[in-house]
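Novice: Coordinates only, no sequence provided:
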């Protein structure tokens, strides 16, 4: 046993060292420097929790925090529910299911930057597909600027993540494929309909994978940057600002690294909080029996 432990240590040591250098040290450094007035080419000055106190009265931060929480909630609820629903439907292999499965997955293999450029064209006020279609069906003077009209910009940006649910569908379909056929047969013998089988047999067995999907979906919104930056850059009037974009602006545009790292620290702990809550709700590692 001692010999095995020695080999475990030998093989794990390089991975642990790389992890600490590439991930551990930067995280500690971000948290540490969040307590300083830190600007490039200027001496660092310890200011305690002043950066965090300043965040509480920063209107742009409050908007970014609110938007981030809303998008996290939407990703963890609507997008996961849509992904699970599509997976359940496709698992029954209806007519054309292979075509639907393939076409549904296409958006997630496109990079965020490329998707942002496509969406800018789709919602273009002069020649975009949305406005062109509305004009074609009778709204001749319709030329709404979807991304920069305050009444529509937030939900237009939100629509750019709709097809993230395709990733959830892939994960859930893989889990459904592992469910023994005998459970379906037993449910059929008991007189359960297809809907009842999905609701009372399949869904409970998907608890862990749905929990993982919620974590993946919600934490993805804590690092979402490209789509917002390339479509609206947080505008109009910061209405589409989120925490990663605000962090970028404070650090790269205003050279305010201490303040930006305070935002980064909040993002780190927000991610940990989401994981802990999801672990409690979905009871990872506990038996269904």
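Specialist: Noted; the coordinates are in hand. Just so it is clear, the structure is predicted and the values come from calculations on it, not from any experiment. Residues are numbered from 1 along each chain as shown.

Novice: Just list what the helix or strand where residue 277 lies packs against, helices and strands only.
Specialist: Residue 277 belongs to helix 257-282 when assigned by DSSP states H and E. For helix 257-282, the elements it packs on are helix 25-33, helix 50-56, helix 59-74, helix 207-220, helix 243-248, judged by 3 or more C-beta pairs under 8 Å, 6 or more residues apart in numbering; DSSP states H and E. (Glycine included, C-beta is placed from N, CA and C.)

Novice: rerun at 7 Å
Specialist: Helix 257-282 sits against helix 25-33, helix 50-56, helix 207-220, helix 243-248, with contacts defined as 3 or more C-beta pairs under 7 Å, 6 or more residues apart in numbering; DSSP states H and E.

Novice: Out of these, which gets nearest to residue 282?
Specialist: Counting by C-beta to C-beta, residue 282 lies closest to helix 207-220 out of the helices and strands packed on helix 257-282; the figure is 3.0 Å.

Novice: coming back round to it: got CSV for the helices and strands packed on helix 257-282, with mean pLDDT too?
Specialist: Formatted as CSV, the helices and strands packed on helix 257-282 follow (pLDDT from 0 to 100):
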stretch, mean pLDDT
helix 25-33, 91
helix 50-56, 94
helix 207-220, 91
helix 243-248, 94
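
Novice: Switch those helices over to a markdown table; also include distance to residue 116 and mean neighbour count.
Specialist: Shown next, in a markdown table, are these (distance: least, C-beta to C-beta, whole Å; neighbours: other C-beta atoms under 10 Å):
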| stretch | distance to residue 116 | mean neighbour count |
| --- | --- | --- |
| helix 25-33 | 27 | 14 |
| helix 50-56 | 28 | 15 |
| helix 207-220 | 15 | 20 |
| helix 243-248 | 13 | 21 |
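
Novice: Would you mind telling me which of these is nearest residue 79?
Specialist: Proximity to residue 79, assessed across the helices and strands packed on helix 257-282 by C-beta to C-beta, is greatest for helix 207-220 (5.4 Å).

Novice: Return the distance of the closest one from the chain's centre.
Specialist: Distance, stretch centre to chain centre, for helix 207-220: 9 Å (C-alpha atoms, centre = their mean, to the nearest Å).
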